[in-house]
Structure formats: C-alpha cells, structure tokens
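A.B. asks: Show me the folded form of this:
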Amino acid sequence: MKQTVTKMFKSVCLPQALDFWFKQLNINYQTNTPTVKVVGKTILNDVVKLVLKPSKAFGEFVAGQHIRLKVEIDGIGEERCYSIANLPNSKGLVELFIKTQGKVSNAIKQTLKVGTVLDVSRPFGQNHKEKFDAYIAGGIGITAMWPLFKARNSDTATLLYLTRNGEEESSAPLLNEILTSKFYKNGQVKIHDGRTFLSTLNNVKLFFTDKNNAISCGSDRFNKAMSAHISDLETNVDLTLESFKTTKTALVSTEIKTDINVKLINSDQVIVVDNKTTLLDSLLNAGIKAKHGCKQGICHECTCRVSAASLLNDVNKTIQLCTTFPSQDLELEL
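C.D. replies: Numbers count the residues shown, from 1 in each chain. Prediction:
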C-alpha cells in the first residue's frame with residue numbers, strides 16, 4: 001500500500017502531470033508543456049485579434065515566426081498555424097490576427113473565451129534570418145510581414161501592403177500602427193488596392209526597381225500572381241513565398257477516383273483512397289494516427305518519405321501529407 005501511494009505521489013509531481021492539472025484549472029504556469037492564456041479577444045468583422053500570455057515553457061520568439069494553436073472542437077483537438085503579429089515585448093504577450101475562414105478560426109471567433117488556457121507549439125520559422133529588401137503582404141498576410149519588416153529596421157527596405165475593399169476596417173488596429181509609424185511617414189510603406197495595383201505590370205516593375213531579395217505573404221492565389229508578375233519582368237529578384245494555405249488540387253479529372261492504393265511500408269498496411277482528399281485526411285479517416293500539425297502546409301510536421309519505387313516526381317523524395325492529393329498508387333514510409 002505504501003509503495004502504491006508513493007508511486008501515485010511521484011506521478012502527480014511529474015512536470016507533465018502538474019502541467020496537465022494546471023491546464024485543467026486554467027492556470028497558465030506550465031514549465032514543461034507550452035501553453036498560452038487568452039487575455040484579450042477583439043472581433044473586427046471577419047478577423048479575430050487574440051492577445052495571449054505564454055507560459056514559461058513557451059520560450060522566446062522573434063519577428064516572422066509562427067505558432068501552432070490547438071483548439072478543442074467537439075472533444076477533438078484541432079491545430080492551426082498562425083503568424084505572430086507583434087515584436088517581443090516586456091510584457092511577454094503574443095498577438096494574433098486570425099481571419100475566420102474555416103472550422104478552427106470560426107470556433108475561435110464564436111466560442112473561445114478570455115481566460116482559457118490553450119496548448120500551443122513553441123515558436124518556429126526561419127524567415128527572420130534573411131535580410132530582405134522588399135516585403136509584400138496580401139490581405140491578412142500583413143500580420144506576418146509587418147513585424148518582420150519592423151525588425152529589419154532598414155532605411156532601404158520597403159513594404160508593399162495590398163488590400164481588398166473593406167479589408168482596412170478588419171485590420172484597423174494594425175493599420176493604425178502602420179500609418180503612424182516612422183516607416184510609413186518616410187515612404188517605406190506602400191498601401192494599395194490589390195486588384196488595381198496588380199492589374200498594371202508597370203506598378204510591379206516600379207516597386208521592384210533596385211530590389212534583389214523579396215518575400216511575399218498571402219494566399220496561394222496571391223503569391224502565384226506575384227510570382228508570375230516578377231517572372232514577366234525578367235528581373236533577378238529572388239522571391240520567397242509564404243502562403244497561408246498551400247494545398248494544391250491534384251492535376252486529375254474532376255471525377256473522383258477511389259481506387260488509389262497507398263501502401264504503408266513500416267506498418268505493412270494498404271489503404272484505398274481517392275484523389276479529392278489529401279493523404280493526411282485519408283490516413284486519419286482510416287484510423288491511422290499519422291503525425292501532423294497545422295494541416296496548412298506550413299509547419300512540415302507531416303512530411304513523409306516516399307519509397308523510391310513510387311516517387312511522385314524525379315526531384316522530391318518527401319511529401320507533405322496535408323497538401324498532397326494522390327493521383328497514382330504509391331508507397332509511404334509510414
């Protein structure tokens with residue numbers, strides 16, 4: 001009996017166990033598992049601004065990094081990646097601007113309450129190590145580009161913020177900060193309507209004059225348009241793309257093909273999938289617990305090796321399960 005009680009006491013005193021009970025009680029004092037407490041929430045049309053207080057286990061972050069936020073929906077934990085919208089500060093707070101466009105973001109808007117403690121990843125992302133001289137933000141992409149641009153703190157770097165009609169109101173707090181900044185006042189920040197600006201190639205040409213290294217953040221569609229414009233200019237600009245959603249539709253017929261065989265080498269299983277569902281969703285639907293994170297193609301947690309016998313192309317031997325729609329039989333090292 002004494003030994004049993006001793007074991008129970010030791011298990012309760014484990015850092016992981018303490019972190020668990022702290023979270024159940026909405027106490028944000030985790031030392032082993034990173035968490036954040038929601039200390040502020042503002043809804044601006046279709047954008048939610050969250051102010052988060054990280055636990056000690058969260059660590060430090062730098063401009064341009066992201067976090068994976070886990071929200072419980074109907075008893076199931078769902079993770080999504082969001083860009084940190086502010087610079088490190090003395091209060092240790094983290095700000096997120098989240099556009100409501102899916103299950104998780106809508107749950108955050110409708111049900112997440114101030115005071116809730118959420119599981120979160122430690123900050124990740126390496127864009128802060130690059131010295132860009134041009135920053136392009138499409139819509140909500142400004143939440144990632146603005147802190148990265150500010151941290152660069154260069155007299156020669158330029159930020160191009162392309163908006164859509166009515167979008168300014170949604171990001172009013174951030175827009176106000178931009179308009180009152182020294183960078184805007186000295187002409188380093190350009191704000192234009194996206195469709196109007198991109199409709200004329202000369203606008204893009206003028207912006208990229210004397211630019212060598214650029215980063216663009218926005219939707220896949222936005223980044224593709226920006227990449228195409230730069231390609232048309234035939235310049236030597238090195239463009240880095242950061243998308244909020246990188247899922248690509250398979251180049252197959254519109255008819256759903258449901259006889260694609262996926263062999264899992266390590267577990268010696270074969271599942272049958274279709275070409276309209278990502279490999280990750282197909283695996284999860286089949287009850288296979290494939291490692292994953294944001295489901296948005298950003299965190300790379302679901303990267304998986306493809307066997308040499310069934311490479312999808314001649315270059316990559318790895319794929320991201322959450323962004324890959326299969327079009328042929330293949331073997332995965334799972």
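A.B. asks: wait, isn't residue 100 in contact with residue 47?
C.D. replies: Yes. Contact criterion C-beta atoms under 8 Å: residue 100 and residue 47 qualify, at 7.2 Å. For glycine as for every other residue, the C-beta is placed from the backbone atoms N, C-alpha and C.
A.B. asks: all helices of this protein, in order?
C.D. replies: Taking DSSP state H as the test, the helices found in the chain are 2-12, 15-24, 103-110, 142-152, 167-170, 172-179, 182-185, 194-198, 201-207, 220-233, 279-285.
A.B. asks: Tell me which of those helices is the most buried.
C.D. replies: Of all the helices of the chain, helix 142-152 has the most neighbours on average by mean count of other C-beta atoms under 10 Å, namely a mean of 24.
A.B. asks: The residue positioned nearest the centre of the chain and residue 124, how far apart?
C.D. replies: Centroid check for the chain by C-alpha atoms, centre = their mean gives residue 81 as the closest residue, at 3.4 Å. Counting by C-beta to C-beta, to the nearest Å, the gap from residue 81 to residue 124 is 9 Å.
A.B. asks: From residue 79, how far out is residue 292?
C.D. replies: Separation of residue 292 from residue 79 (C-beta to C-beta): 8 Å.
A.B. asks: Residue 61 now?
C.D. replies: Distance, residue 61 to residue 79, using C-beta to C-beta: 17 Å.
A.B. asks: cool, residue 97 as well?
C.D. replies: From residue 97 across to residue 79, the span is 18 Å (C-beta to C-beta).
A.B. asks: Mind checking which of the two has more residues around it?
C.D. replies: With neighbours defined as other C-beta atoms under 10 Å, residue 97 and residue 79 compare such that residue 97 has more, 24 against 20.
A.B. asks: and the nearest residue to that one once chain neighbours are set aside, what is it in contact with?
C.D. replies: Using C-beta to C-beta, 6 or more residues apart in numbering and skipping residues adjacent in sequence, the residue nearest residue 97 is residue 143, 4.2 Å away. Going by C-beta atoms under 8 Å, 6 or more residues apart in numbering, residue 143 touches 83, 85, 96-97, 171, 174.
A.B. asks: pLDDT score for residue 143?
C.D. replies: If you check residue 143, the pLDDT there is 88.
A.B. asks: Next: residue 111.
C.D. replies: In the predicted model, residue 111 carries a pLDDT score of 93.
A.B. asks: cool, and the one 3 residues further on?
C.D. replies: Reading off the confidence values, residue 114 has pLDDT 95.
A.B. asks: and what of residue 94?
C.D. replies: 95.
A.B. asks: what about the nearest residue to it once chain neighbours are set aside, how many residues close to it?
C.D. replies: Nearest residue to residue 94, sequence neighbours excluded (C-beta to C-beta, 6+ apart): residue 52, at 4.4 Å. As a burial measure, residue 52 scores 24 neighbours (other C-beta under 10 Å).
A.B. asks: Hmm, residue 52 is touching residue 91, no?
C.D. replies: No. Contact criterion C-beta under 8 Å: residue 52 and residue 91 do not qualify, at 11.1 Å.
A.B. asks: so what's residue 161 up against?
C.D. replies: By C-beta under 8 Å, 6+ apart, residue 161 lies in contact with 137, 142, 145, 178, 189-192.
A.B. asks: Repeat the analysis, applying 10 Å as the threshold.
C.D. replies: Going by C-beta atoms under 10 Å, 6 or more residues apart in numbering, residue 161 touches 135-139, 141-142, 145-146, 149, 168, 171, 174-175, 178, 184, 189-192, 194.
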